[in-house]
Structures are given as structure tokens and as C-alpha cells.
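Engineer: got a predicted model here, sequence first, then my questions.
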Amino acid sequence: MSLSRHDPDAVNALAEAVARGADALRIPNGVPIVLAISGGPDSTALLHGAAHLAPSRGWRLTVAHLDHALRTESAEDAAAVGRSAGGLRLPFATHRVDVAALARAEHRSMEDAGRQARYRFLEEVAAELGSDALIATAHTADDAAETILLRLARGSGLRGLRGIPARRGRVVRPLLGERRSALRGALDAAGIAFSTDPTNDDPAHASRNRVRAEVLPALERLNPSAVEALIRFGRLAADDDDLLDGLAIAELARRRDADDGTLDWHNPPSRALGRRVLRTAIGEPTPAAERIEALLDAAEGPRGGLTIELGGGRGASVVGRRIRLS
């Protein structure tokens, strides 16, 4: 599609939304940016907003689309994104991955396998454009609120309640402060077509779709500013999480023996701090919460000589109120 066929005011609204996020993220002028475009409304808003803004910012845009091969129409979705990129005279990169097979091979959920495959692909495209290349995704304020609710329902701690970060590494999310309804309204006013989001009918996203269709609207009936309130909660959780991480790093340094690396658990810290000390000491991937609790119970209990499996070939032994990680 050509931008000249669209209502300039509506297209400008999309560009202004991208500009607000780009300015908040301090995205510099002149950098290469890979746009992660599924063809759904949110990513279509990102595509047209960024394309309209790019000449004034000197951005070098590349449109990237990963075909997850989960639907018979997925190849046509990829072709449609390619046509949109061509209409905007932007380079287009696409790749097809059998996400269902990947999920089985890597023992992941379908949603997690798709996300991992998508970011691997985007990183590969960005790497070809240089070390300063960024990856822009179309996550919105609604996505952030939904993520917080899902993690809250699953019993997440503070780390999970941070929501979706505006930036992580080279990945930036310039639409994270925008409401989905406003973006779709601008697309409709501009006459810009988009595909129906395939995740709406994807069983792998059933929980998120229920939050989107039922839970969040119910909360907004209680409080029309529920999305903003949830995002504010996520920011506060992030601040508290960062503070506790700093305390845990200092406590770990105090308790770790410089000679043998064991952790002195005499006079144990509070449980909240102890969990973080152990997670920091163990590193990624973080063990399941019940394993951390079992290790704390062993370290604080009357018995010694206990060994706790931490997953991923890792373990911890407790002898005489000292913890040894292996």
C-alpha cells in the first residue's frame, strides 16, 4: 500500500504514537530497525507509523515476518506482509518454522516455542544489519496489562509482575504506552487493512485470549483506568524487584566463602531475601520455586547432609548450615 492513499491525519496519529515511544526509549536517528510484523492490527500500526516517521529520523527499516506454520493460511499471511512492505518500499525478510515440531523437540509449550523461534529469527535479521541494529515489536499497553494478570494468576513473584519491558537488549517496544483500541481506530480511519490476529483462534494462546476477552474488560468495568493502574503496578513491582536484587547481591557477597564458595547460612536472612540470594547464586535458568523453598528448608532446618536437585544438572548440598552449589 502507498501512504499517499491514506487519510494523512490518521497516518500521522500512528507516526506520533511511534514517535512518543521512540523518544521515551531514546532511539537514535539513523539506526537500522527490524520491524517484527505479524500482519495483525498492532504490528500493522507499527509498520505504517514507523514508515511514515522514518524519513525524518533517518531510520533504515526492514520488515521481518516469521511464519509459524501453525495454520493453513500462514503462507498467505506472510505474503500479505511482504506486499505491505513492498508497497512501502521497505526490504522484507521472512522465514518459515514448524513451531509445533520445535515445541516437541525442545519440550516447550507451543507459545514459548513460537516466541523463542521468533526472537531467534529477528536477532538473525538484525545481526546482518550491524551491531547498532534494533528490533521493534508491537506490544501495547493492553499486552502489558494482560501479561501482568496472567502472571498474577499463575502465582508469580515480583519479577514476573514487572510486565513487559520497554527495552531488553536490542529489542525495543515503542508502542508499549499506547492502547490497542486507539491504534486500531487510527488504522480504520486511515483505511489501512490488516489481517485478523491468528493468535485469537490459537489454542496455545487460550489463557491470554480469555484474559483479553473476559478478565480485562471486567476489570475496566470496575475501573475504567484498569490498564493504566496495572501498568503502574508493574512499574512499582519493577522498582521493588531492582531494590531487592541489589540487597541480594550484597548479602550473597557477605555470605559466600572466598576460599571454597560455600554459603554461610548461620543466622539465615529473611525468607524473601534468602530466596533472592539463592537465585542469584544459582543463576539462570532459575530453578522452580519449590526447589528453592526445599533448599531453604534444608539450610534452616535441624538436619544436615541433605542434597537438593535444582534442575539442569545442578544441585546443592547442605552440611553444618553451609550451602554448597554444584
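Structural biologist: Looks like it came in fine. Numbers count the residues shown, from 1 in each chain.
Engineer: roughly how far apart are residue 113 and residue 107?
Structural biologist: With distances taken as C-beta to C-beta, to the nearest Å, residue 113 is found 9 Å from residue 107. Quick note: C-beta positions are derived from backbone N, CA and C, even for glycine.
Engineer: in terms of neighbours, single out the busier of those two.
Structural biologist: For residue 113 and residue 107, the more surrounded residue by other C-beta atoms under 10 Å is residue 113, and the numbers stand at 23 against 8.
Engineer: got the contact list for that one?
Structural biologist: When contacts are counted by C-beta atoms under 8 Å, 6 or more residues apart in numbering, residue 113 is found next to 99, 102, 103, 106.
Engineer: swap in residue 37?
Structural biologist: 43, 44, 46, 47, 63, 64, 65, 81, 84, 85, 138.
Engineer: can you rerun that using 10 Å?
Structural biologist: 43-44, 46-47, 50, 63-66, 78, 80-82, 84-85, 90, 92, 94, 136-138 (C-beta atoms under 10 Å, 6 or more residues apart in numbering).
Engineer: ok, and the closest non-adjacent residue to the residue most central in space within the chain?
Structural biologist: Nearest to the geometric centre of the chain sits residue 164, at 5.0 Å (C-alpha atoms, centre = their mean). Excluding the flanking residues, the one nearest residue 164 by C-beta to C-beta, 6 or more residues apart in numbering is residue 144, at 4.6 Å.
Engineer: mind checking how far that neighbour is from residue 11?
Structural biologist: As for residue 144, its distance to residue 11 is 25 Å (criterion: C-beta to C-beta).
Engineer: again, but for residue 268
Structural biologist: To residue 11, residue 268 is 59 Å away according to C-beta to C-beta.
Engineer: the two - which one has more neighbours?
Structural biologist: Remark: of residue 268 and residue 11, residue 11 carries more neighbours, 23 against 15, as counted by other C-beta under 10 Å.
Engineer: ok, that one touching residue 50?
Structural biologist: No - Residue 11 lies out of contact with residue 50 (C-beta atoms under 10 Å); the separation is 11.4 Å.
Engineer: need the strands for the stretch 151-300 of the chain, in chain order.
Structural biologist: Ranges of strands in the stretch 151-300 of the chain, per DSSP state E, counting those that start in this stretch, are 167-168, 171-172, 263-264.
Engineer: and these, which is most packed in?
Structural biologist: Of all those, strand 171-172 carries the top mean neighbour count, a mean of 20, counting by mean count of other C-beta atoms under 10 Å.
Engineer: other SSEs contacting the top strand by length along the chain?
Structural biologist: The longest strand of the chain (DSSP state E) is strand 60-67. Counting contacts by 3 or more C-beta pairs under 10 Å, 6 or more residues apart in numbering; DSSP states H and E, strand 60-67 packs against strand 32-36, helix 41-57, helix 74-87, strand 92-96, helix 110-127, strand 134-136.
Engineer: good, wrapping up.
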